[in-house]
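Chemist: how would this look folded up:
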Amino acid sequence: MIRVLVADDHKVVRQGLRFLLSQEPGIEVAGEAADGAAALDAIRRLRPDVVLLDLLMPRLDGIAVLTAMHDEQLTAAVLVLTSSQDDEHLVQAIRAGALSYLPKTAGVDQVVASVRAAARGESVLEPAATARLLRELRRGPGADPLAQLTPRELEVLRSLAQGRSNREIARALSVTEETIKSHVSSILAKLGLSDRTQAAIFGLQHRLVPLDQALDS
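Modeler: Purely as a prediction, here's the structure:
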């Protein structure tokens, strides 16, 4: 059972998400929060698997909630569901630890699929958000950090940028999942990244995959 916390300052949005998610097999809405401080408290108490988090909330905004979660090592997967179209918010949310980022205009099927993906530790970014993220993260030329990766690690990083799970990568490369986990750990250490989401973003930033294949989970 995937336990979900819905954090949004609009009651109608919370009620709508609760109703929609409650119709889905294997998903349970564990609680709601109307502001960021209440969301953080609920995450501590309820230990949900997935948090549907709005960015623009009173008391604490979504970025502050994500930062506090990181500092307190709260491990719920965060799916940002927001009306914000600000590129800076998108980048800040991903850097702060959000696994996925969807607009509130996303369809019901997309939200449900993203919740299930988040529970598996997989990222979902819609194509428009991916394009915005790439545009914001592009940097000028400099020393190539990819040079320190082995050819196999480059293959794994490319697969991460395509949104593939460890199981899918292991199957494609004919190795075990434990081997892939080891490669991912090595990639994170060499590039100074904290998680696979940041690694996927790094791969996109360095154009390891075409945009139409990016984060295609």
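Chemist: quick one: V184 from A96, how far?
Modeler: 20 Å (C-beta to C-beta, to the nearest Å). For glycine as for every other residue, the C-beta is placed from the backbone atoms N, C-alpha and C.
Chemist: Which of those two has more residues huddled nearby?
Modeler: V184 (21 against 18; other C-beta atoms under 10 Å).
Chemist: Next up, phi/psi of that one, please.
Modeler: phi -60, psi -40 (degrees, to the nearest 10).
Chemist: repeat for P103
Modeler: Residue torsions, per degrees, to the nearest 10, at P103 are phi -80, psi 160.
Chemist: Verify the stated contact: it with T82.
Modeler: Yes. Look at P103 against T82 with C-beta atoms under 8 Å: they come within range, at 6.9 Å.
Chemist: Neighbours of D71, how many?
Modeler: D71: 8 neighbours (other C-beta under 10 Å).
Chemist: tell me which residues in the helix or strand hosting it are buried?
Modeler: If you go by DSSP states H and E, D71 is part of helix 62-72. Buried residues in helix 62-72, counting neighbours by 16 or more other C-beta atoms under 10 Å, are found at G62, I63, A64, V65, L66, T67, A68, M69.
Chemist: I'd like these laid out as JSON lines, including distance to F19 and pLDDT.
Modeler: As requested, the buried residues of helix 62-72 are exported to JSON lines (distance: C-beta to C-beta, whole Å; pLDDT from 0 to 100):
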{"residue": "G62", "distance to F19": "22", "pLDDT": "89"}
{"residue": "I63", "distance to F19": "28", "pLDDT": "87"}
{"residue": "A64", "distance to F19": "28", "pLDDT": "88"}
{"residue": "V65", "distance to F19": "24", "pLDDT": "92"}
{"residue": "L66", "distance to F19": "26", "pLDDT": "91"}
{"residue": "T67", "distance to F19": "30", "pLDDT": "87"}
{"residue": "A68", "distance to F19": "29", "pLDDT": "90"}
{"residue": "M69", "distance to F19": "26", "pLDDT": "91"}
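Chemist: Okay then, goodbye and thanks.
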